[in-house]
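Chemist: Sequence first, then the predicted structure, then my questions.
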Amino acid sequence: MSLINLIEFNRLGDDRGGLISLEKNTNIPFDIKRVYYIFDTKKGVARGFHAHKDLQQIAICVKGSCRFILDNGVQRESILLDQPNKGLLINSIIWREMHDFSEDCVLMVLASHQYDESDYIRNYDDFMTASIK
Ligand code: TYD
């Protein structure tokens, strides 16, 4: 089974321009407790390099592009996010890395919980141990 779980959002835009709506339990499969966005990422910088114990997230490149690597401890897959109507669902206990940010990239992330550092697994060996439990 692929690790890449993309949600395609309806484009509600018209001849005036684009519009996409995100609603819990309509096109987002969890209660959104937090939204954050990553922008102005410097050239050559990669981010992420962690997993979460419980958190679910959906990553949407609302502008520009970046490449995600998802890893469940057995498989490692890569996907380029470059469209504002595609959301990448990332479940818990998935190692994620973000690479190749375009200069204009605005990466928005919807999260199922508020920020909690104790939910992070930042060490790959600890992630591997958690992934086989
Ligand atoms: P981090 O999760 O390490 O970023 P990334 O995975 O994108 O490389 O977060 C960077 C810093 O920002 C870290 O000190 C924690 C803080 N932070 C918050 O305070 N709230 C948040 O919602 C997020 C995502 C990060």
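Modeler: That came through, no problem.
Chemist: Report the separation between the residue located most distally from the centre of the chain and Ser112.
Modeler: Largest separation from the mean C-alpha position in the chain: Asp15, at 29.2 Å (CA atoms, centre = their mean). Distance of Asp15 to Ser112, given as CB to CB, to the nearest Å: 36 Å. In short, each C-beta sits where N, CA and C put it, glycine included.
Chemist: Start and end of stretch 34-54, how far apart?
Modeler: One end of stretch 34-54 sits 14 Å from the other (CA to CA, to the nearest Å).
Chemist: And for stretch 26-36?
Modeler: End-to-end for stretch 26-36, by CA to CA: 20 Å.
Chemist: Tell me if it is near the ligand.
Modeler: Yes: residues of stretch 26-36 contacting the ligand under CB under 6 Å from any ligand atom: 34, 36.
Chemist: Now the residue positioned nearest the centre of the chain. Its backbone dihedrals?
Modeler: Of all residues in the chain, the one closest to the mean position by CA atoms, centre = their mean is Ala59, 3.0 Å from it. Dihedral pair for Ala59: phi -100, psi 130, per degrees, to the nearest 10.
Chemist: burial measure for the closest residue to it other than its chain neighbours, as a count.
Modeler: Closest residue to Ala59 apart from its sequence neighbours, by CB to CB, 6 or more residues apart in numbering: Leu88 at 4.6 Å. Leu88 sits with 21 neighbouring residues when counted by other CB atoms under 10 Å.
Chemist: residues contacting Leu88?
Modeler: The contact partners of Leu88, by CB atoms under 8 Å, 6 or more residues apart in numbering, come to 4-7, 58-60, 68, 79, 81.
Chemist: repeat that with 7 Å
Modeler: 6, 58-59, 68, 79, 81 (CB atoms under 7 Å, 6 or more residues apart in numbering).
Chemist: For it, give its distance to Asn123.
Modeler: For Leu88, the distance to Asn123 - CB to CB - is 23 Å.
Chemist: Also Tyr115?
Modeler: From Tyr115 to Asn123 the distance is 19 Å (CB to CB).
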